[in-house]
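Visitor: Below are the sequence and a predicted model for it; my questions follow.
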Amino acid sequence: MKKKILLGIGLLLAIVLIYQFAFNNSSKNITTLTSKVKKGDFKSEIVISGELQSTSSIKIKIPSGLRQLRIYQIKVQHLIPEGTLVKKGDFIAKLDPSSLNEKLLDARNDLTKENSTYIQQQIDTTLTLKKERNAIKDLRFSVEEKELELKQSKFESPTTIRQLEITLQKLKRNLQQKEEDYHIIKQKQQQIMIRVTANLSKIKNRLKNTEELLSKLTIISEGDGMLTYVKSYRGTIKTGSEINTYDPAVAVLPDLTKMESKTFANEVDVRKIKKGLKVEIGFDAFPEMKIGGVVTSVANIGEKKQGSDIKLFKVLIKLDETNKDILPGMTSSNKILTFKKENVLTTPLESIFSKDSTVYVYKKTGISIVKKEVKLGESNDDVVIIEKGINENDVVYLYKPQGYEKEAIIPLEE
């Protein structure tokens, strides 16, 4: 009899333990698949990576004047390493002088030729004008001679006197014509000399400019800072690169006290990003460092990503502060606060369902469940604001409970 009683008690205890274990596991599963409506602050944030750059910098350029010599590209013979700290007057780069040496040789040859042309033209001008002046003198002597002859012919016949008068008039006309021609010839020779002199001066200036440019091929720093390389459409400018004279920057000295993060947002996120929004900026190189920032620019026109049809919009974020560890080219993580509201009700996105145009939740009421219509506000990647329909601490389901799909939705109260 005792054995039967003990066996019954043991069986009863086993049933209780199995029931308790099953109930606890069931409660635990239900707990993990439900959530309480919470009241508090709501934030909507967009996180995008970017690259640090200076908002103010000194561009170190190749010497100007190369295009005037028809040099449109020049090779970088040597450029100091990126990241080098330099001071004003320090060596930065050396450009290849070969193209300028060719221009210098051409200018010297042209100068020799033009000097010969100039001297020859001087001689020609002198001889031409001298010849014309001598011809005028001869005519003047002829006029004087005929005037004397006319004076002495007063006892000659009228016919002879008339012939002398006619001859004298011809000589005077010839003299006048010759003097007028002389002025024209003189002006012509002067213009030729002006042109030759100008050509000579032009070549001398070209030679002088070429010599000056050769002396400027050694480029020095125009200020203090950390040197960074320039990126062109052909790639990064470095030792051995060709520099286009229309884009003459060889390197940059950024102002490390004025930094910004350049990033690109997709078409969905860019609609939420506005100028003036606050940003929390982190750094891959310094995970523990966080700095505040503000959006200063949002592009209106997208740029196609290389190798893709996706359009990205450039966003610039100014850092509120900086330090010696933050350098151009570092990768930043930008958490942009697009929306914030205090003291609002929120629930996980998984608890929201919809049918036609009605949005609802599965709300726990005692031992039952009801489908309750709700009005939603802003959302982020995790939760959504509940403007109307449920209250703080209400329990909602993160899935559709079985057997309640066909239940009527309780509408919002007016």
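Guide: Perfect, thanks for sending it. Computed from a predicted model, the values in this text were never measured in an experiment.

Visitor: secondary structure class for the residue sitting furthest away from the middle of the chain?
Guide: Distance from the centre of the chain peaks at F155, with 101.6 Å (CA atoms, centre = their mean). Assigned with DSSP: H, G, I helix; E, B strand; the rest coil, F155 falls in the coil class.

Visitor: helices and strands around the helix or strand harbouring Y118, which ones?
Guide: Assessed by DSSP states H and E, Y118 sits inside helix 98-151. Contact analysis of helix 98-151 by 3 or more CB pairs under 8 Å, 6 or more residues apart in numbering; DSSP states H and E lists helix 158-215 as its packing neighbours. Quick note: C-beta positions are derived from backbone N, CA and C, even for glycine.

Visitor: what's the angle from the helix it packs on to helix 98-151?
Guide: Angle, helix 158-215 to helix 98-151, by axes from the mean of the first three to the mean of the last three CA atoms, to 10 degrees: 170 degrees.

Visitor: Run the chain-centre distance for the helix or strand that helix 158-215 is followed by.
Guide: Downstream of helix 158-215, the first helix or strand assigned by DSSP H and E is strand 218-220. Centre-to-centre, strand 218-220 and its host chain are 24 Å apart (CA atoms, centre = their mean, to the nearest Å).

Visitor: Which neighbouring elements make contact with strand 218-220?
Guide: strand 91-95.

Visitor: Specify the angle between the strand it packs on and helix 158-215 in degrees.
Guide: Going by the same axes, to 10 degrees, strand 91-95 makes 130 degrees with helix 158-215.

Visitor: Keeping just the C-alphas, turn strand 91-95 into PDB.
Guide: Taking C-alpha atoms only, strand 91-95 is exported to PDB below (Å, rounded to 0.1, in the frame of the first residue of the first chain):
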ATOM      1  CA  PHE A  91      62.000  71.700 -50.900                       C
ATOM      2  CA  ILE A  92      58.800  70.200 -52.400                       C
ATOM      3  CA  ALA A  93      59.400  68.900 -55.900                       C
ATOM      4  CA  LYS A  94      61.700  69.000 -58.900                       C
ATOM      5  CA  LEU A  95      60.300  69.200 -62.400                       C
END
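
Visitor: any idea of the mean pLDDT for it?
Guide: Mean pLDDT, computed over strand 91-95, is 95.

Visitor: ok, and for that strand, which residues are buried?
Guide: Neighbour-count burial for strand 91-95 flags 92-93, 95 (criterion: 16 or more other CB atoms under 10 Å).

Visitor: Could you measure from the residue farthest from the centre of the chain over to L148?
Guide: From F155 across to L148, the span is 15 Å (CB to CB, to the nearest Å).

Visitor: As JSON lines, the buried residues of strand 91-95 with distance to T218 would be great.
Guide: Converted to JSON lines, the buried residues of strand 91-95 look like this (distance: CB to CB, whole Å):
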{"residue": "I92", "distance to T218": "9"}
{"residue": "A93", "distance to T218": "8"}
{"residue": "L95", "distance to T218": "8"}
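
Visitor: Quickly name whichever of these is closest to T257.
Guide: Taking CB to CB as the measure, T257 sits nearest to I92 out of these, at 21.2 Å.

Visitor: Would you agree the closest one is in contact with I219?
Guide: Yes: in this structure, I92 is within contact of I219 by CB atoms under 8 Å, at 4.7 Å.

Visitor: list the residues that contact both of these two?
Guide: Both I92 and I219 are contacted by 60, 250, under the criterion CB atoms under 8 Å, 6 or more residues apart in numbering.

Visitor: I273: neighbouring residues, count only.
Guide: 19 (other CB atoms under 10 Å).

Visitor: Where does it sit: helix, strand or coil?
Guide: Going by three-state DSSP: I273 is coil.

Visitor: Domain-wise, how is the protein divided?
Guide: Following automatic domain parsing, the chain resolves into domains at 47-55+256-340, 60-96+220-251, 100-215.

Visitor: wait, doesn't L227 sit right on I92?
Guide: Yes: if you go by CB under 8 Å, L227 and I92 touch, sitting 6.9 Å apart.

Visitor: For the residue farthest from the centre of the chain, give its distance to L164.
Guide: From F155 to L164 the distance is 13 Å (CB to CB).

Visitor: ok, now A299?
Guide: 98 Å.

Visitor: quick one, which of these two is more surrounded?
Guide: For A299 versus L164, the count of surrounding residues by other CB under 10 Å is larger for L164: 18 against 14.

Visitor: for K335, helix, strand, or coil?
Guide: Secondary structure for K335, judged by three-state DSSP, is strand.

Visitor: Contacts for stretch 223-242 next, please.
Guide: 58-60, 73-88, 92, 221, 243-244, 247, 249-256, 327-329.

Visitor: Mind checking which of the residues you listed are buried?
Guide: The neighbour-count criterion (16+ other CB under 10 Å) marks 58, 60, 74, 76, 79-80, 82, 84, 86, 92, 221, 243, 249-254, 256, 327-328 among those as buried.
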